[in-house]
Structures are given as structure tokens and as C-alpha cells.
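Chemist: Here you go, sequence then predicted model.
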Amino acid sequence: METLHAAPARVFIVEDSASIRERLYEQLREIDGVSVIGNTDTADSAVEAILRTRPDSVILDIHLFEGNGIDVLREVHVQAPEVMFIVLTNHSNAQYRRACLQAGARYFFDKSTEFGKVMQVIAGLGATRH
């Protein structure tokens, strides 16, 4: 019987807070089969880097130093629909949730109450890729 091995899950982080980026990086590196392939804190650099690197998933904040995550999501999703977007934000009200999901986000989590759910989603991605 052949054993299936998970392919590495490549994650890109788009977050304006250096401490949150570091926290995400530290937690993600603990998950087998997951590698963080880059990070940034501005919308323009996020679009360029995501389209260049084509990660499996992007952890995306709505509020960025320049621009916002919804614009990143809208621009990238039409050009790279295979990239899974996980929005992680403090702006978790219904209007933002709706806008992100309509723009192509697969998941939408509140930073203050659902931070750990991001790790569960990413761990599942690393475990199920073949």
C-alpha cells in the first residue's frame, strides 16, 4: 500500500502589525508541512508578491499601512483564484465579512477571538494536500 505524504503548504502573510506577523510566523513554523514564503504590510507589495510567489494560502489583514486587504483580495483573486485567502482582522463586523467573502475569501476570522482557527485551517491544508 502506498503512503501519501502531504505536500508542503506555502503561506504568505499580509499584516501591518510586526508583532502579529511574528506571532503568525512562530505558530505556523510549528505545523508540519507548512512554510511561510513571505510577508508584507502594504497592499501594493502584497499584490505583487502574491502573484509572483503563488502561495497556497494567504493570511490577510484588512487594515494595512498603505491600502487595504479587501483591495488586495479583489485584485489577486481574479488573477489567481487558486490561492486560498484567510482574512484575520480586528474589523470583524458583518459588512467587512460580507465584502471579503464576496471578493473571494474562503475564511474570515476575528483576531481577538478566533486567532487559533487560522492555525487549524492551515494545519488542515498541510495535511490534506497530495
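Modeler: Done, it's in.
Chemist: what's the spacing between the closest residue to residue 106 other than its chain neighbours and residue 54?
Modeler: Closest residue to residue 106 apart from its sequence neighbours, by C-beta to C-beta, 6 or more residues apart in numbering: residue 84 at 5.0 Å. Yep, even glycine has a C-beta here, placed from its N, CA and C like the rest. Separation of residue 84 from residue 54 (C-beta to C-beta, to the nearest Å) stands at 12 Å.
Chemist: Of those two, give the one with the bigger neighbour count.
Modeler: A direct count of neighbours by other C-beta atoms under 10 Å for residue 84 and residue 54 places residue 84 higher, at 19 against 13.
Chemist: distance between the ends of stretch 40-60?
Modeler: End-to-end distance for stretch 40-60: 10 Å, by C-alpha to C-alpha, to the nearest Å.
Chemist: Could you pull up the contacting residues of residue 101?
Modeler: residue 108 (C-beta atoms under 8 Å, 6 or more residues apart in numbering).
Chemist: my bad, residue 18
Modeler: residue 41.
Chemist: and it, backbone torsions?
Modeler: In terms of degrees, to the nearest 10, the main-chain angles of residue 18 are phi -60, psi -40.
Chemist: Secondary structure element for the nearest residue to residue 25 once chain neighbours are set aside, which one?
Modeler: In space, and not counting its chain neighbours, residue 25 is closest to residue 36: 5.3 Å by C-beta to C-beta, 6+ apart. Following DSSP states H and E, one finds residue 36 within strand 34-40.
Chemist: Ok, residue 24 next?
Modeler: helix 18-28.
Chemist: And that helix, what's buried?
Modeler: Under the neighbour-count criterion of 16 or more other C-beta atoms under 10 Å, helix 18-28 has 20-21, 24, 27-28 buried.
Chemist: Where does the prediction get shaky in the protein?
Modeler: 1-8, 126-130 (pLDDT under 70).
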